[in-house]
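In: Okay, sequence plus prediction incoming.
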Amino acid sequence: MHETYSQILTSLEENLEFRSVKNFSKKDEKYVYFGEKRLLNLSSNNYLGFADNRRITEEFMKQTGGKYSFGSASARLLTGTLPVYNDLEHILAELYDKESALIFNSGYHANVGITSSLAQKGDVIFSDKLNHASIIDGMKLSNGKFFRYMHNDMQSLENLLKRERSNYNNAVIVTETVFSMDGDIADLKKIIELKQKYNCILVSDEAHAFGVFGQKGLGICEKLNLIDDIDLIIGTFGKAIGSMGAFAVGDKILIDFLINKARSFIFSTALPPINIAFTKWIIEKKLPYTYEKRQRLLTLSQKLGGSSHIIPLHTNDNEKTVKMCEILYKNGYFTLPIRKPTVPTPRIRLSLTTEISEQDLENLCSIIG
């Protein structure tokens with residue numbers, strides 16, 4: 001009965017594409033500990049060093065005491081909404097100057113729920129070819145049609161819009177802003193121009209930009225002063241914020257629609273109240289004071305030739321990728337080989353954080369050449 005699965009796993013192993021869960025003895029905001037070995041963590045989304053930070057955790061717990069429980073025990077639409085949830089959503093809506101906000105349990109929940117529900121029968125989605133798997137899965141679950149334009153290629157997008165837009169009712173353009181595996185940045189200005197020209201809804205996923213870019217840390221949309229031109233902005237709390245969950249902000253009619261139609265929201269137990277409270281506390285009390293740290297992070301990125309804090313080292317060969325990770329491991333750096341089906345071509349993905357020093361990067365560069 002399991003022969004087919006066994007054959008698939010064997011094939012993955014032969015092609016150096018087999019994955020396994022890594023068990024670490026502990027983590028902090030800069031390092032992971034694998035047994036007794038301490039490794040600089042270059043595979044983390046802990047961009048501001050808030051996660052696994054004992055000082056931050058102790059400060060939060062001291063201020064909140066035993067006020068919040070560790071379980072919601074209900075979906076939001078049943079008994080899973082307490083004042084702290086509404087407070088966080090109100091704060092997010094105010095930050096972006098949007099009418100409403102909605103919390104999801106994760107970035108995956110947000111993208112799957114939003115993309116699958118926005119496109120009804122007779123609607124269409126236009127998606128960047130390298131958008132995250134959660135967006136792709138949402139499109140597959142929708143009742144609409146979808147097309148994928150060449151990565152960050154605005155002519156490819158417009159060609160599809162010219163050919164297909166008039167055949168459908170509502171049209172949605174969806175893009176990441178900082179792409180999760182390449183670290184490059186979407187041409188939001190041109191996408192907005194096309195959205196307006198062809199009467200589309202624009203959904204931008206700021207998962208890797210929220211907390212990093214912009215004066216307030218709201219993402220690429222804030223940095224480029226384009227917040228008003230984007231219909232739905234998505235962000236996550238599990239990366240720069242060091243917590244868990246995600247959100248969408250936009251017009252009330254779109255948020256109300258998601259509350260009623262996004263199955264990943266409707267049918268999920270709400271995140272624990274203490275988690276929501278921690279996210280709210282970080283956004284209110286810590287994020288406003290990170291501007292200089294965030295600028296330093298982007299300066300470090302530029303020294304490695306990146307346009308963001310995510311920097312891919314393309315190897316184009318599984319064996320070379322695995323070997324380079326092993327070399328880095330022996331020299332005290334933790335990286336992971338990124339291979340199919342996550343990306344079309346193998347690479348090492350360097351994910352920088354504010355805790356990394358210039359000396360760390362200089363040592364890294366001397367190793368990778």
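Out: Everything's here; your move. In this text, all values refer to a predicted model and were calculated from it rather than measured experimentally. Numbers count the residues shown, from 1 in each chain.
In: and stretch 228-241, which residues are buried?
Out: 229-241 (16 or more other CB atoms under 10 Å). For every residue, glycine as well, the C-beta is placed using N, CA and C.
In: typo on my end, stretch 178-196
Out: Buried residues in stretch 178-196 (16+ other CB under 10 Å): 178-186, 188, 191-192, 194-195.
In: From those residues, pick the one nearest Leu130.
Out: When the buried residues of stretch 178-196 are ranked by distance to Leu130 (CB to CB), Phe179 comes first, at 5.6 Å.
In: circling back: now distance to Ile136 and secondary structure too, for the buried residues of stretch 228-241, in TSV please.
Out: Converted to TSV, the buried residues of stretch 228-241 look like this (distance: CB to CB, whole Å; DSSP: H, G, I helix; E, B strand; the rest coil):
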residue	distance to Ile136	secondary structure
Asp229	25	helix
Ile230	20	coil
Asp231	20	coil
Leu232	17	strand
Ile233	19	strand
Ile234	15	strand
Gly235	19	strand
Thr236	17	strand
Phe237	22	coil
Gly238	19	coil
Lys239	19	coil
Ala240	23	coil
Ile241	25	coil
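In: Can I get the buried residues of stretch 178-196 in TSV including pLDDT?
Out: TSV is the format used below for these (pLDDT from 0 to 100):
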residue	pLDDT
Val178	98
Phe179	97
Ser180	93
Met181	92
Asp182	93
Gly183	95
Asp184	97
Ile185	98
Ala186	98
Leu188	98
Ile191	98
Ile192	98
Leu194	98
Lys195	98
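In: Can I get those in CSV including distance to Ile91?
Out: Formatted as CSV, these follow (distance: CB to CB, whole Å):
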residue, distance to Ile91
Val178, 23
Phe179, 27
Ser180, 25
Met181, 30
Asp182, 31
Gly183, 28
Asp184, 30
Ile185, 26
Ala186, 26
Leu188, 24
Ile191, 27
Ile192, 25
Leu194, 32
Lys195, 27
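In: For stretch 274-288, C-alpha coordinates in CSV please.
Out: Written as CSV, here are the backbone C-alpha positions of stretch 274-288 (Å, rounded to 0.1, in the frame of the first residue of the first chain):
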residue,chain,number,x,y,z
ILE,A,274,-1.7,36.0,24.9
ASN,A,275,-0.3,35.7,21.4
ILE,A,276,-2.6,38.6,20.2
ALA,A,277,-1.6,40.7,23.2
PHE,A,278,2.1,40.1,22.5
THR,A,279,1.7,41.1,18.9
LYS,A,280,-0.2,44.3,19.9
TRP,A,281,2.5,45.1,22.5
ILE,A,282,5.4,44.7,20.0
ILE,A,283,3.6,46.9,17.4
GLU,A,284,2.8,49.6,19.9
LYS,A,285,5.8,49.6,22.2
LYS,A,286,8.8,48.2,20.2
LEU,A,287,8.3,48.6,16.4
PRO,A,288,8.1,52.5,16.5
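In: Residue ranges in this protein under the pLDDT threshold?
Out: Across the chain, the ranges flagged by pLDDT under 70 are 1.
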